[in-house]
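Q: Sequence first, predicted model second:
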Amino acid sequence: MGRYVVKRLLQAIPVLLVIATLTFFMVRLAPGGPFDEEKKVPKEIKERIEKHYGLDQPLWKQYLSYMGNLVQGDLGPSFKYAGWTVAELIGSSAPVSLMLGLLAMLIALSIGLPAGLIAALYKNSPVDYFAMSGAMIGICLPTFVMGPLLILGFSSGMGWFAPLGWYTWSDMVLPSLTLGLYYAAYVARLTRGGMLEVLSQDFIRTARAKGASERRVMLKHALKGGLLPVVAFIGPAFAGIISGSFIIETIFFIPGLGRFFVTSALNRDYTMVLGTVLFYALLIIVMNIIVDLVQAWLNPRTRLE
Amino acid sequence: MKPLCCTLSLLFLAACSRPPTNVEAGLETQVLHFGNGAEPKSIDPHVGTSVGANNIISALLEGLMAEDPRTLDPVPGVAERMPEVSTDGRVYTFTIRKSAKWSNGDPVKPSDFEFSWHRMLNPELGARYAEFLYDIKNARRYNLGRKCDGGLWLFNTRKVQTAAHAAEWAKLSEPERNATFASLKPPEDSGAKPTCPFCKKNLEVPAWDDWKLADVGVRAHDANRTLVVTLENPNPLFLEKLNHYSYFPVHPPTIDRFNAHIRKDTKWTHNAGDYVGNGPFMLRNWAINARLETERNPHYWDRANVKLNGVYFYPIDKKDTEERAARAGFLHSTQSLPAHRLDFLTRKWPTHYKAEPYLGVYFYRFNVTEPPMDDARVRRAFSISVDREQLVKYVLRGGQEPAYGLSPGMGKFEAKARYKFDPAEAKRLLEEYIAEKGDAGRKLLENVELKYNTSEDHLKIAEAIQSMWKENLGVEVALLNEEWKVFMSTVEELDYQISRMGWIGDFRDPITFLDLWVTGGGNNNTGWSSAKYDDLIARARREPDLAKRFTIYNQCEDILAAEMPVLTIYFYRKHYLLHPTVKGWHPTVLDHHPLKHVYLKATD
Amino acid sequence: MTAADQTPGASLWRDAWRRLSRNRLAVASGVAFILVTLLCVVGPFVTSYTANHADLKSSYQPPSTNHWFGTDHLGRDLFVRTLSGGRISLAVGILATAVSLVIGVAWGSIAGYFGGRLDSVMMRFVDILYSLPFVIMVILLMVWFERNFLLLFAAIGLVEWLTMARIVRGQVVSLKNTEFVEAARALGYSRLRIIFRHLLPNVIGPVIIYATLTVPAVMLLEAVLSFLGLGVQAPMSSWGLLINEGAEKIDVYPWLLAFPAVFFSLTLFSLNFIGDGLRDALDPKSSKD
């Protein structure tokens, strides 16, 4: 298995290079530059600044030097935040986003899995309809509506939580809940679907015929297979969570990477945008590897190639 | 029943045992939690430009003069007492306090100020607000000039203002001078480098060491702690301007250590130990995008009168989030408020809600270099077809005043209404234009575009005005929003027909609004140029008598009203939430609330 | 019967339809969706207000007989704005889905059918793009192209085609070696003809299901873009834009959020349930037994 992980990581390198290239050109070709504010400065000075940042070179040269630095781990300076490097900024904000993402995922799983299991167990009963409608609401309400609603209810309303920030443990509840509920809905539906699919298979009928209790049937025989769709979903879900975290971070004022990304994109902070995209891509790749491993463990018939 | 009681009591306990809010804790800790708007690009006084940067810089540094928290009149800051002024009003002599110290214990010296203004004016640093220091003699020459072996040249778009090789220059006749000027200032895109006609050397941007050559009017005498400042012209506003952060000192050994003389992107401002300042507070921790913490400066000369133990600045740029935070007791003050909350807050939070006069004007620029906005009739038509009263009453809803002139009223200067809402006249003007230009004119009017920087509030105003133009003029204007950076470059390149801007006054004199429009002014950005206007502004700068200045200002306003390069919309009002426990905070027209005077006390 | 004049799986469709019509939830959703769409298309013609008519004096009015859904900050009637916003949202949803459908189906079927090296390369490309944080890229695209309305469709569609391609490829690969395809090949039909007349009709099932589920995802994506100001631009409106405008005003002017949100959610609800229903109907091993 170790060999598999190494192999996948090595395969990831060309992918990252391609992504870096794509993003590099996409950002550089966009109109507007990071130093347009400095136009007041005499032309020579502006040129000197651009030279200092290498922006006067032809595009392909800039690309090569950026890639060269990248390979050595240097992501460059941020153009918007004077004196800070991209690595520093990502370093200070990424752990926050990751924490938010993990908590949201935990919430999604700890609400969604049981909900889906129960719905599958009591299929077509009121419990089932209730759970599935709840799930549907979670899917159909965007996070930027859910967030203010939760704040209205539990922060302004009950006064249990601060309305923003990421300073204490209790601050983490509402943001993770907002993000997590959305994915909990998907997890619930997928779990239910997956379980029902597995439960209709022959080997389950055999187990029942042999006299196993319903609970044993569900937990011992069906669970592993039933969870497959959920596990397959975790990869893209995680990608969605960290890509979409900027909404939560903006509403709740969380100093995460998402908020940095949005400001950088809107401010043409080239290096920051590139650094963030690469970081996200790396994260998604790693997540996919983990997911594939878990899938293989759950379903012995999948072979790790 | 029992489980229900248990649950309810647990919930009750949970609610009671929640930790105190920042506001509640503030009464004990004397820490102020300050909503500061978007994260500043830099808190280096020679680099930062935003209001947010100003708030932080003003806490960490202090200039020669400070301001009275109620009246904003200049009071001595780092200077021991009011300066001695020469009879011609040009030479100011400041004595630095003996007790003035930097946060690392070093004494504040007059040479620190000379060093700082040197850095501020150094052209290689490219400070945006360098022009603030042009009151000082020869400052402009150092900042904008070109150097060769014979000294410094300074020219503007039309002529040479000062020449190097003074002796040789004096010998030239007028036509010879014009010819020389042409060679000295080749067109921007010709790629030719200007060379001195006398010494044949390339004209270079002055370097750090050319300060002496420029002979800027600042002399520091550390031995007797005096700083002698010579101005270009007598200026009654000079003392007030000294409170602007562009005049604040920086700690020279720190700048030396970080080699930051001409670099904006060093790390000297990032960490607690490195940011050496002379203000009431010093930097404690800067978690970028999260919070900037400051604490008392134990070396501040006036520390006995500073009651706060620290100020935490929060870079919350979403107004809704900030407003929510203030209502929840997380912040003591906000930077602004979303327009749709004003009604609600006026009714339900009157003790917290502040709506104060603020020296600023919201306006649209016209690009007068391109049709159809090159025609004054069209500009006037667009301007007088906007119903400012309705806009202010129903869209803005914050008690703002409609603007029928550029500068807001201040002190004894009255903002006279120079035109009024007149849709009939507007329509007549447009018809006249179309009658003259025919189909071409009509076509031009169909493709007008208004650009503004992305913001919900700007969008609201733009939409309202867009519908007014449709209804009153029959013109459909398209709206386009751009991010701030892109927008700034759009405006500077005159790549627009109508663009939105707001301008906050830097000090309390109308010239801070009126001098924007001089020919080639850095913030003009309309392409509008009037020699008469330039002359008036130049005269105003040299005029020490306030009444006479105001007369000149009125003449300026008349020109602006006649030619209408800008469409003024309303005068700002500052709306924010302030918790009643914040004391020592007074409404001022520049929105200055010097934090050294602020403290937190329970209201009874 | 020759392979030429029997469309494979005809009875499959009839079975599916029967199953679908018995699914009450799906039928109800279908009806709801059609009603909403009709309302959005026809509604604005019926009311006397227009979507962009600003009447500043009547701003922020709660629902009344004059304005059934109330008014917004510029005094514009919310009822007509919700409906015309619906037009835009539905259009964006359907068009973007169509874009992703065309690209995805083409990509997937070509890769799946030709197999081998081409398949490898094409799907590798999909894998690489899958690793991109998509919303991020869309934001970059929108910032780059300065909010061209047509580009919005294309950008969103480009996000969604990947999964479509994978699904289609999977189906094509599994169908490739079935008997009726072999028969067609034996009869000498050209490759393209085989793709279009034999493979695609069988692929359509999953494609329709996925397309039905993509439309709500696209509408949600548009709403997210509106959050950043990158979606549909004023004075046009969309449900996403209206919801964003209303979201922070829940406690003061709740109708601004309530009405567009109800329409939005109802549409998403219905489409999701229709998609579920289709999935159940078209899959013989239905989970509702």
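A: Received it, and whenever you're ready, just let me know what you need. Numbers count the residues shown, from 1 in each chain, chains lettered A, B, ... in the order given.
Q: C-alpha from now on. contacts and neighbour counts both.
A: Fine.
Q: what does the stretch 251-400 of chain B put close to chain A?
A: Taking C-alpha under 8 Å from any C-alpha of the partner chain as the measure of proximity, the stretch 251-400 of chain B contacts chain A at B:264-267, B:288-290, B:316, B:318, B:321, B:324-325, B:328, B:330.
Q: Apply 7 Å and report the result again.
A: Counting by C-alpha under 7 Å from any C-alpha of the partner chain, the stretch 251-400 of chain B comes close to chain A at B:K264, B:D265, B:T266, B:K267, B:N289, B:A290, B:I316, B:T321, B:R324, B:A325, B:A328.
Q: which of those residues tops the neighbour count?
A: Tallying neighbours with other C-alpha atoms under 10 Å in any protein chain shown puts B:I316 at the head of those, with 28 neighbours.
Q: what sits against the closest residue to that residue other than its chain neighbours?
A: Nearest residue to B:I316, sequence neighbours excluded (C-alpha to C-alpha, 6 or more residues apart in numbering or on different chains): B:G37, at 5.1 Å. Residues in contact with B:G37 (C-alpha atoms under 7 Å, 6 or more residues apart in numbering or on different chains) are B:G52, B:P315, B:I316, B:D317, B:Q335.
Q: Toward the C-terminus, what is the element adjacent to the helix or strand B:V378 falls within?
A: Using DSSP states H and E, B:V378 sits in helix B:376-384. Next helix or strand after helix B:376-384 toward the C-terminus (DSSP H and E): helix B:388-390.
Q: How about the strand or helix carrying B:D535, which residues are buried there?
A: Using DSSP H and E, B:D535 sits in helix B:531-542. Within helix B:531-542, the residues that qualify as buried are B:Y533, B:D534, B:L536, B:I537, B:A540, B:R541, counting by 16 or more other C-alpha atoms under 10 Å in any protein chain shown.
Q: Give me the lowest-pLDDT entry from these.
A: pLDDT across those is lowest for B:R541, at 87.
Q: Excluding covalently adjacent residues, which one is nearest to the residue of the stretch 51-200 of chain A found nearest chain C?
A: Across the stretch 51-200 of chain A, the shortest distance to chain C (C-alpha to the nearest C-alpha) belongs to A:C140, at 5.2 Å. Of all residues not flanking A:C140 in the chain, C:S265 sits nearest, at 5.2 Å (C-alpha to C-alpha, 6+ apart).
Q: Poorly predicted segments of the chain, please.
A: No chain in the question, so chain A it is. Within chain A, the segments meeting pLDDT under 70 span A:30-45, A:218, A:299-305.
Q: that's the wrong chain, I wanted chain B
A: Across chain B (using pLDDT under 70), the flagged ranges come out as B:1-17, B:157-158, B:186-192, B:604.
Q: Please name the residues that touch the nearest residue to B:P357 once chain neighbours are set aside.
A: Excluding its sequence neighbours, the residue lying closest to B:P357 (C-alpha to C-alpha, 6+ apart) is B:R573, at 4.7 Å. Residues in contact with B:R573 (C-alpha under 7 Å, 6+ apart) are B:A355, B:E356, B:P357, B:Y358, B:Q400.
Q: Tell me how many other residues crowd the residue in the stretch 1-150 of chain B that chain C sits nearest to.
A: With C-alpha to the nearest C-alpha, the shortest gap between the stretch 1-150 of chain B and chain C falls at B:A38, namely 15.7 Å. When counting by other C-alpha under 10 Å, one arrives at 18 neighbours for B:A38.
Q: again, but for C:I110
A: By other C-alpha under 10 Å, the residues close to C:I110 number 20.
Q: how distant is stretch B:464-474 from the center of its chain?
A: Centroid separation between stretch B:464-474 and its chain, computed with C-alpha atoms, centre = their mean, to the nearest Å, is 31 Å.
Q: Report the buried residues of that stretch.
A: For stretch B:464-474, using 16+ other C-alpha under 10 Å, the buried residues are B:A464, B:I465, B:Q466, B:S467, B:M468, B:W469, B:N472, B:L473.
Q: if I look at the fifth one, how far off is A:T271?
A: Separation of B:M468 from A:T271 (C-alpha to C-alpha, to the nearest Å): 43 Å.
Q: per-residue confidence for the residue in the stretch 151-289 of chain C positioned nearest to chain A?
A: Here the stretch 151-289 of chain C gets closest to chain A at one residue, C:S265, 5.2 Å apart by C-alpha to the nearest C-alpha. For C:S265, the pLDDT comes out at 91.
Q: Same question for the one 3 residues further on.
A: We have a pLDDT of 91 for C:L268.
Q: Would you mind pointing out the helix or strand it falls in?
A: With DSSP H and E as the test, C:L268 turns up in helix C:255-282.
Q: counting contacts, what elements does that helix pack onto?
A: Counting contacts by 3 or more C-alpha pairs under 7 Å, 6 or more residues apart in numbering or on different chains; DSSP states H and E, helix C:255-282 is packed against helix A:126-140, helix C:10-22, helix C:24-46, helix C:200-227, helix C:239-247.
Q: Go through the ones you listed and pick out the most buried.
A: Most buried of these by mean neighbour count (mean count of other C-alpha atoms under 10 Å in any protein chain shown) is helix C:239-247; its value is a mean of 25.
Q: so how far is that helix from its chain's centroid?
A: With C-alpha atoms, centre = their mean as the basis, helix C:239-247 stands 19 Å off its chain's centre.
Q: again with stretch B:43-56
A: Computed by C-alpha atoms, centre = their mean, the chain-centroid distance of stretch B:43-56 equals 10 Å.
Q: So what touches that stretch?
A: B:36-38, B:40-42, B:57, B:120, B:127, B:245-246, B:248, B:264, B:269.
Q: Stretch A:214-232 too?
A: Counting by C-alpha under 7 Å, 6+ apart, A:187, A:190-191, A:194-195, A:198-199, A:204, A:207, A:291, A:295, A:298-299 sit against stretch A:214-232.
Q: Stretch B:547-564 too?
A: Stretch B:547-564 has contacts (C-alpha under 7 Å, 6+ apart) with B:A376, B:R379, B:R380, B:G405, B:L406, B:F413, B:R418, B:Y533, B:L536, B:A540, B:E543.
Q: Try it again at 6 Å.
A: Residues from elsewhere that reach stretch B:547-564 (C-alpha atoms under 6 Å, 6 or more residues apart in numbering or on different chains): B:A376, B:A540.
Q: now stretch B:490-510
A: With C-alpha under 6 Å, 6+ apart as the test, stretch B:490-510 has contacts from B:359-367, B:407, B:450-452, B:512, B:525.
Q: Would you indicate which residues of that stretch are buried?
A: By neighbour count with 16+ other C-alpha under 10 Å, stretch B:490-510 contains the buried residues B:490-492, B:494, B:496-501, B:503-510.
Q: just stretch A:164-175 next, same as before
A: Quick answer for stretch A:164-175 (16+ other C-alpha under 10 Å): A:L164, A:G165, A:W166, A:D171, A:M172, A:V173, A:L174, A:P175.
Q: State the number of residues packed around B:A163.
A: Neighbour count of B:A163, defined by other C-alpha under 10 Å: 19.
Q: residue contacts, it?
A: B:A163 sits next to B:W153 when contact means C-alpha under 6 Å, 6+ apart.
Q: Try it again at 10 Å.
A: B:A163 makes contacts with B:G145, B:R146, B:K147, B:G150, B:G151, B:L152, B:W153, B:L154, B:F155, B:W169, B:A170, as judged by C-alpha atoms under 10 Å, 6 or more residues apart in numbering or on different chains.
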